[in-house]
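Peer 1: quick one, what's the 3D model for this:
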Amino acid sequence: MMGRSRGGLSTKIHVVVDGLGYPIEIAITEGQVHDIIQANLVLNGENSEYVICDKGYDSQEFRNAIQKQGRKAVIPSRKCRKEAIEYDGHIYKERHLVENFFCKMKEYRRLATRYDAMTISFRAFVILASILVWLRF
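Peer 2: Got it, this is the predicted structure:
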């Protein structure tokens, strides 16, 4: 799945990590697909007290779905929202675990430059790299 945009071909990797930064769920979409489309990946993941996401997941429906599960959403509001929704900034700092995971993934040049033309081989290497992160290589 390679999406076309003004910048060329692109792909997004969506990841759910646990409290230690290890990947639990992985999805790959075209670059132009909005993040909220993969919200079910977050909801179906591990059961936790908090769901920490970036601004791309700011949606009232998503927040309601999180609340129905008995969890708390820690998602900053997008700039276009008329009234900003409060969130716990201290807990939001834990989102760095996702960013750290992506830094570990970028160590593999094949992922960073997207050498694979086919989605199935790209996804296979993303999973392989995730396994290596779990094994701490």
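
Peer 1: what sits against residue 108?
Peer 2: For residue 108, the contact set (Cβ atoms under 8 Å, 6 or more residues apart in numbering) comprises 125, 129. For glycine as for every other residue, the C-beta is placed from the backbone atoms N, C-alpha and C.

Peer 1: mind doing that once more with 6 Å?
Peer 2: By Cβ atoms under 6 Å, 6 or more residues apart in numbering, the contact set of residue 108 is residue 129.

Peer 1: now residue 12
Peer 2: Residue 12 neighbours (Cβ under 6 Å, 6+ apart): 29, 31.

Peer 1: the chain: helices as residue ranges?
Peer 2: Remark: helices assigned in the chain by DSSP state H are 39-43, 60-68, 89-92, 96-106, 109-112, 119-135.

Peer 1: of these, flag the one that's most buried.
Peer 2: Among the helices of the chain, helix 39-43 has the highest mean neighbour count (mean count of other Cβ atoms under 10 Å), at a mean of 17.

Peer 1: which one of the helices of the chain lies closest to residue 21?
Peer 2: Residue 21 lies closest, by Cβ to Cβ, to one member of those: helix 96-106, at 3.8 Å.

Peer 1: tilt between that closest one and helix 119-135?
Peer 2: 120 degrees (axes from the mean of the first three to the mean of the last three Cα atoms, to 10 degrees).

Peer 1: just checking, which helix or strand of this protein averages the lowest pLDDT?
Peer 2: Ranked by mean pLDDT, DSSP states H and E, the weakest helix or strand in the chain is strand 3-5, scoring a mean of 62.
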